[in-house]
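Student: sequence plus predicted model, see below.
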Amino acid sequence: SGKANINAEDGKCETSFYKAYCNRHFDTVKYLLGRPNMFPNSRARCGTTVLHLASANGHLDVVKWLVESGKANINAEDGKCETSFYKAYCNRHFDTVKYLLGRPNMFPNSRARCGTTVLHLASANGHLDVVKWLVESGKANIN
C-alpha cells in the first residue's frame, strides 16, 4: 500500500509512538496520537505503555492527551500489575492522581503484585488528601 505502519514495533516491542515519548518529543507524541489508526496501548517488552510512563514521570499534559483521546486503556496493568494511577501515586505526582481518579472509567482498586492498592499506600504514608479523594470518589473499596 506504500503507507507506513504507524503501530509497527521494533525488536524491543517499541513503537514509534513509544520511542517519541521516551525521547521527550511530545510534539511527535501528540501528532501520532491524533492519527486515526494510532493504537497507544502497545507495550514495550517491560510491559509498560506510554500512559504508564507519562503517569510515572508526571507528564500530566501527555496523560490528558492519552486519556482524552479515548484510545488509551486507563486501567491497563504493566508487568508488575501496576496501573498508571498506581505509578502516579508512587512517584508522588498527586495532580496526575487526582486527574485520573476524576475519570469516570478509572478503577482505583487494582492491586500491584505486592498486593497493595493506592488507598493502602496513601493511608500508610499519611497522604490524607489522597485518602479523601479516593473515599469521596465513591470508587475506592475501603474494606
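Tutor: Now that the structure is in, tell me what you want to look at.
Student: only C-alpha atoms for contact and neighbour calcs from this point on.
Tutor: Noted.
Student: off-centre distance for stretch 23-41?
Tutor: 15 Å (Cα atoms, centre = their mean, to the nearest Å).
Student: list the buried residues of it.
Tutor: 26, 29-30, 32-33, 38, 40-41 (16 or more other Cα atoms under 10 Å).
Student: redo those residues as JSON lines? Include pLDDT.
Tutor: Below are those laid out as JSON lines (pLDDT from 0 to 100):
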{"residue": "Phe26", "pLDDT": "95"}
{"residue": "Val29", "pLDDT": "95"}
{"residue": "Lys30", "pLDDT": "95"}
{"residue": "Leu32", "pLDDT": "94"}
{"residue": "Leu33", "pLDDT": "94"}
{"residue": "Met38", "pLDDT": "90"}
{"residue": "Pro40", "pLDDT": "90"}
{"residue": "Asn41", "pLDDT": "88"}
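Student: what about those, which are in helices?
Tutor: 26, 29-30, 32-33 (DSSP state H).
Student: just the element for Thr96, please.
Tutor: Secondary structure from DSSP states H and E places Thr96 in helix 94-101.
Student: from the contact counts, what lies against the helix or strand just after that helix?
Tutor: Downstream of helix 94-101, the first helix or strand assigned by DSSP H and E is helix 118-124. Under the contact criterion of 3 or more Cα pairs under 8 Å, 6 or more residues apart in numbering; DSSP states H and E, helix 118-124 touches helix 84-90, helix 128-137.
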